[in-house]
Each structure stands twice: as C-alpha cells, then as structure tokens.
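> predicted model and sequence below, questions to follow.
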Amino acid sequence: MNDGAVRLCSTRFGNVQYCVVGEGRPVLIAHGSGGGHDQGCLIAHALLTGGRVIAVSRFGYLASDLPADPSNRNQAEVYRRILEAEALAGACIMGVSAGGPSALEFAVNYPDSCHGLILISAVSQPQLQAGIRVHPLLRALAGSDPAYTVVTTLFRRRLLAMFGLSRRVAARLTAEERAFSEALFRTTMPVSRRIDGIVNDWHLPTMDELALRQLRVPALVIHACDDQLVPLENAEYNVRTIPGAQPMTISDGGHLLFSHHRAVRERISRFLDQEVPDVRTGPRDRCDDAGRERQARTVGQPVQ
C-alpha cells in the first residue's frame, strides 16, 4: 500500500484532491490536522491490512480548495461526491484526530453510503478541554516552510513525544512503527500548502449529540489514555453517545498509538470483517479526466 493515483475532483465547493490506493473493501480516510491525503495514506499503511483506500485532502489542504463555508457538513458532502466519482456505493469512513468531526457528519448525513465508522484519536467534542491542542511553537511556524522544516528537524524527538513517543514507548517500537515516525513529519510539509486547512481545524464546531444518538452504522472508537492532544473524554463521549459503538482503549502510545499499531491493525481488521458489508459498486459518475492527476506518489514523501 505504498503507491497511489492522486486525483482532483470538481465539486460545488471547488476542487478536492484525493488519493486511491489498493483494491478491495473501500475505506475513506479523513486525515488529522496538518496532514493531507499523503498523511491519510501513511496511516492506512500503518493501520489497515488492505482494501481500497480513498485518502482525501480535507478543505484547505494541499490542492483541495477552501470554500466560503468549510463546514464539516459540507466536507461530508464532498466525501459522498468522491465515492460517486469512484463509482462506489459507499465505504467505511475512518476519521483520524481532526478528521473525526467530518467523519461523524458523513455517518450522520449519509447513512446509506456510510458502511462503517472508525474513529482514531478523534475529536468529537471541542468544548472538552478545547478538543485539539495546538502547540504554540507550531502555531508560530505554520506560515514559514523553511522555519518549519528546520525546527521540526531539530526538535523532532520533543515533538514526537507530544504525539506519544516517549522514551519508554520508543523502546517498544517495531521497525514499521519507527519508519512511520520518520515519515510522519514529511506528511506535514510543505506547511504553506496546508495552513488554510490547519486554521480551519482550529475552529471545529460542536457535534450534534441528538444526531449522533440516531446513528445506526457499526462504529469502532480507538483512543489512548495518555493522548495529550485530543483528551480521552472525546472517545468516552463517542462510546456513550453512538449506539453500539465498540471501544478500544489503549493504556499508552499517545495520539498516534505508538507501539500498538499491530494490535490496532488486527482490531480494525476484525471490525471490518465482522461488521462492515463489502459493497463496492455504485452508479458511475466519474470526475473529468481534465480534473484528475494520474501521478503515482510514494507514501510519506513530500508533496510538491
């Protein structure tokens, strides 16, 4: 799951960039703050065992436009449009960190297209300790590509610790997880092509509790107890609110579940096999070739 076709799809909110990797049961990934479709592919490589990954660059990230109303509801509509463009009847959606709110909106507003919901360290209630906590240093550096690159290189260990990679956890990493940690910051560069999305993420709205209680899709909620960026209360809220939601609570590993990727991958695989229907085909409604980039990229490499 290392290469993929990067495409642009025209929507009523402007162009949206996404990457398609692999074949099989479709899983659409909504990446976290600071990322893009490249980060979505990296996470898919770490946490999925296969299938057809549709990794979307959310509003304001990379080549995805930032519309006048970049709401989670409108982002969810874009997810549906991309599935139509790929001739898919639906998909399981994975919301990672700040991608959680739009994934929840997709599940609420498009239940026929949402075959399952996976929340990874996901924001659901921003009023719970402010949801995402953005490090002041990252706020200051977000407007300068050279400064961001220098600082994230010099202070890599300290920043990774913020994501959960303590010395104790680092001692347990597999070779794959070490490669993941090395590639992670490359999926946040260039920051100048992600800053509009980052700023939009700082204003995430509160989810509608009543709507979440009406959800009738299989849901898996995965979170670490020691997450310093998105508090565990977000996952606890999801488990209390979403009917039948299955929790996977991890003792450590932080926001990116370091040293537990294998266990998480196995749990997601069981969830998909047992709970999520493998329904792939839908009406054909492809994006125009003129609006598509058919360029293979390597997961974890900087996006030009």
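All right, it came through fine.
> now do the SS call for A235.
On the three-state scheme (DSSP: H, G, I helix; E, B strand; the rest coil), A235 is labelled helix.
> CA atoms only for stretch 211-231, dumped as CSV, please.
Backbone C-alpha positions of stretch 211-231 (Å, rounded to 0.1, in the frame of the first residue of the first chain) are rendered in CSV as follows:
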residue,chain,number,x,y,z
ALA,A,211,-27.9,13.3,15.7
LEU,A,212,-25.2,11.0,17.0
ARG,A,213,-27.7,9.1,19.1
GLN,A,214,-29.6,8.3,15.9
LEU,A,215,-26.6,6.7,14.2
ARG,A,216,-27.2,3.2,13.0
VAL,A,217,-23.8,2.3,11.5
PRO,A,218,-21.2,0.0,13.0
ALA,A,219,-18.7,2.1,14.9
LEU,A,220,-15.2,1.4,16.4
VAL,A,221,-13.7,4.0,18.7
ILE,A,222,-9.9,3.8,19.3
HIS,A,223,-8.1,6.1,21.7
ALA,A,224,-5.1,6.1,24.1
CYS,A,225,-5.5,7.0,27.7
ASP,A,226,-2.4,9.3,27.6
ASP,A,227,-3.4,11.3,24.5
GLN,A,228,-2.0,14.8,25.1
LEU,A,229,-3.6,16.4,22.0
VAL,A,230,-7.1,15.1,22.0
PRO,A,231,-8.2,14.0,25.5
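> averaged pLDDT, that stretch. What do you get?
Along stretch 211-231, the predicted local confidence has a mean pLDDT of 94.
> could you list the buried residues of that stretch?
212, 215, 217-224, 227, 229-231 (16 or more other Cβ atoms under 10 Å). For the C-beta atoms, the positions are set from N, CA and C on the backbone; glycine is no exception.
> following the helix or strand where E176 lies, which helix or strand comes up?
Under DSSP states H and E, the secondary-structure element containing E176 is helix 175-184. If you walk from helix 175-184 toward the C-terminus, the next helix or strand you reach (DSSP H and E) is helix 195-201.
> now the strands for the stretch 101-250 of the chain?
Using DSSP state E, counting those that start in this stretch, the strands assigned to the stretch 101-250 of the chain run over residues 114-120, 219-224, 246-250.
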